[in-house]
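K.L.:
Quick one: sequence plus predicted model below, questions after.
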Amino acid sequence: MLAAMTVRARFAPSPTGELHIGSVRTTLYNYLFAKQNGGALVLRIEDTDQARFDARALPSIYDGLHWLGIGWDEGPREGGPHAPYVQSERLALYQRHANEMVAMGAAYHCFCSSERLAQMRAAQAARKEITKYDRLCRRIDPAQAADRASREPHTVRLKVPEEGSVSIDDLVHGHVEWPLATLDDQVLLKSDGFPTYHLAVVVDDHVMGITHILRGEEWLPSVPKHLLIFRAFGWAAPPMGHVPLVLGQDSKKLSKRHGATRVTEFREQGVLPEGLVNYLALVGWQPGTEEEIFSMDELIARWRVEQVQKAGGKWDYARLRWFSGVWVRRLSDDELLERVAPFIPAEWDRRVVRQTIPHIKERMETLTQAKDLIAFLFTDELPTDPARYLPKKRAAAETRDVLMRVRSGIADLQPFTAPAIEAEMKRIATEAGWKDLNMATRLAVTGTSVGFGVYESVALLGRDRAVARLDRASALLG
RNA sequence: GGCCCGGUCGCCUAGUGGACUAGGGCGUCUCCCUUUCAAGGAGAAGGUCACGGGUUCGAAUCCCGUCCGGGCUACCA
């Protein structure tokens, strides 16, 4: 643990759409890191691209993360000592810093139009050259440039030194070094007065006192630019860790075309948040032992940056479902009832549903599966095709005969409980010498071949309805 | 193209020079338990540790090269 300093981690999503599972993973790591060090977690909204802004993003971030049990200390709604936490509300700060960089000679005004830049790039591409800003405006006399800047639209570009190199000791990748000669003169301040990501992160991370940066590996290539900005201001760059990407089955960065990627989708699919967190933590991190079931608290205690993988991890829906199932089984009956409630019709009698919980708990991975498992108790609309009531390789007549026996066996059974029903049905089975009695009864009573125990099913259904369904099935088979 | 990051069973991974005949989990398959389905238990199949060279008595582990994959390469983040 880092005892001496108070850790301040952050997650800085851009509000361009609904919360993505990849950013959740990164956020989770930041959360675990902050928590285990007794530090603070900051949410900062990086809305420096007006064109891509999506109003659904912020609510989605709050809903999704809270659902997963991830909380933070400072943010747009929570406020905090460094408010506002939305970059579009901090424009003056970035503009001031951009100007300072120009004044220091670390950046310069650029008056090139988008059209010229596009043409330049096209020409470079045609010549098979590297597409990079040709630094035309870098040669303008600073005084003259300042004068033009007061009247003409312009951007501010980073003045990358011609030679030398910069490097970091990445928390997950180790030493990484970049020769400066290959870097582009990145735009820091756009002509609309908004900063680009690069300027804004560096300024905010410093100003907000962020002590550790944990973000996706896609940001690794922009580190040298950030380093140059930190250096220009004489600020120490905080330690950084670039965590591996979450990949789709084709090994490419996970995106919509790979299937569900929005947190909302997993919630709607009835995936347990505990399972999602558990699974997600393991995509890119490994505890060094063979344990793998971890609650959030255990993750806070166990997770280590040093154990974060270097290679990207593929998203595995089957494994996620398995983790969800593990957590379903760990829930108390009452808790599971609460969780299942939103996934079944409100008019279904809660007391009856409650009784099914112990039986369905072992049979579901996601909450959505509960409904089908218990539907037979709440509807009388069963299949009408006689074939659906026949156990494999059984004829209608014999099945009908056995069903009648069960019917009379339970019609006056006392008490009408699962154990009593079991004893009775076993008696009938031996007497009739019929191995498929349970399946026949299950089909007749629930209309389906899968479900929880037949005896429990019959008991829960109740004597009258069970008898009625046996009669009905017999009639269909007759 | 350039820069950067990666590369152990289908997937997540253990492993940091000898205990590795490469271990665990998911998935798949088989069996047990259940007169259903699961859960649980027991097993099986599945890896020339990307490839090629070194170094070493000994390499998945160290070095070099190659190949493959990915990320970035915008007045997007």
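P.N.:
It's in.
K.L.:
Please work out how many residues are found near the residue of the stretch 351-478 of chain A found nearest RNA strand B.
P.N.:
As assessed by Cβ to the nearest atom of the strand, RNA strand B sits closest to residue A:429 within the stretch 351-478 of chain A, at 2.8 Å. Heads up, the C-betas are built off the backbone N, CA and C, glycines and all. When counting by other Cβ atoms under 10 Å, one arrives at 18 neighbours for residue A:429.
K.L.:
Setting aside sequence neighbours, what's the nearest residue to it?
P.N.:
residue A:437 (4.4 Å; Cβ to Cβ, 6 or more residues apart in numbering).
K.L.:
Tell me the confidence at that neighbour?
P.N.:
Predicted confidence (pLDDT) for residue A:437: 92.
K.L.:
hang on, the earlier thing: go ahead and list the helix or strand containing the residue of the stretch 351-478 of chain A closest to RNA strand B.
P.N.:
Assessed by DSSP states H and E, residue A:429 sits inside helix A:418-432.
K.L.:
in that helix, what counts as buried?
P.N.:
Residues A:418, A:421, A:422, A:424, A:425, A:428, A:429 are the ones in helix A:418-432 that count as buried (16 or more other Cβ atoms under 10 Å).
K.L.:
Quick one: list the elements packing against the next helix or strand after that helix.
P.N.:
Counting by DSSP H and E, the next helix or strand C-terminal to helix A:418-432 is helix A:437-446. Applying 3 or more Cβ pairs under 8 Å, 6 or more residues apart in numbering; DSSP states H and E, we find helix A:437-446 packed against helix A:396-411, helix A:418-432, helix A:454-461, helix A:463-477.
K.L.:
So which of the ones you listed is the most surrounded?
P.N.:
Compared across these, helix A:454-461 shows the largest average neighbour count, a mean of 22 (mean count of other Cβ atoms under 10 Å).
K.L.:
Adding mean pLDDT, write the helices and strands packed on helix A:437-446 out as CSV.
P.N.:
Compiled in CSV, these are given as follows (pLDDT from 0 to 100):
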stretch, mean pLDDT
helix A:396-411, 93
helix A:418-432, 91
helix A:454-461, 94
helix A:463-477, 94
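K.L.:
a markdown table for these, including distance to residue A:61?
P.N.:
Shown next, in a markdown table, are the helices and strands packed on helix A:437-446 (distance: least, Cβ to Cβ, whole Å):
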| stretch | distance to residue A:61 |
| --- | --- |
| helix A:396-411 | 55 |
| helix A:418-432 | 47 |
| helix A:454-461 | 42 |
| helix A:463-477 | 47 |
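K.L.:
So which other helices or strands are in contact with the helix holding residue A:429?
P.N.:
helix A:396-411, helix A:437-446, helix A:454-461.
K.L.:
Identify all contacting residues around it.
P.N.:
The contact list for helix A:418-432, computed with Cβ atoms under 8 Å, 6 or more residues apart in numbering, reads A:402, A:405-406, A:409-410, A:413-414, A:435, A:437-438, A:441, A:453-456, A:458-459.
K.L.:
check those against RNA strand B, which are close?
P.N.:
When the contacts of helix A:418-432 are checked against RNA strand B using Cβ under 7 Å from any atom of the strand, the ones in range are A:435, A:437, A:438, A:453, A:454.
K.L.:
Sort out which of those residues are buried, if you could.
P.N.:
Buried members of these, counted by 16+ other Cβ under 10 Å: A:437, A:438, A:454.
K.L.:
wouldn't residue A:348 be in contact with residue A:378 here?
P.N.:
Yes: using Cβ atoms under 8 Å, residue A:348 is in contact with residue A:378, at 4.8 Å.
K.L.:
Point out where chain A drops to low pLDDT.
P.N.:
Across chain A, the ranges flagged by pLDDT under 70 are A:1-4.
K.L.:
Close to RNA strand B: what parts of the stretch 1-150 of chain A are there?
P.N.:
Residues of the stretch 1-150 of chain A lying near RNA strand B (Cβ under 7 Å from any atom of the strand): A:12-14, A:16, A:46, A:48-49, A:52, A:112-114, A:117, A:121, A:128, A:130-133.
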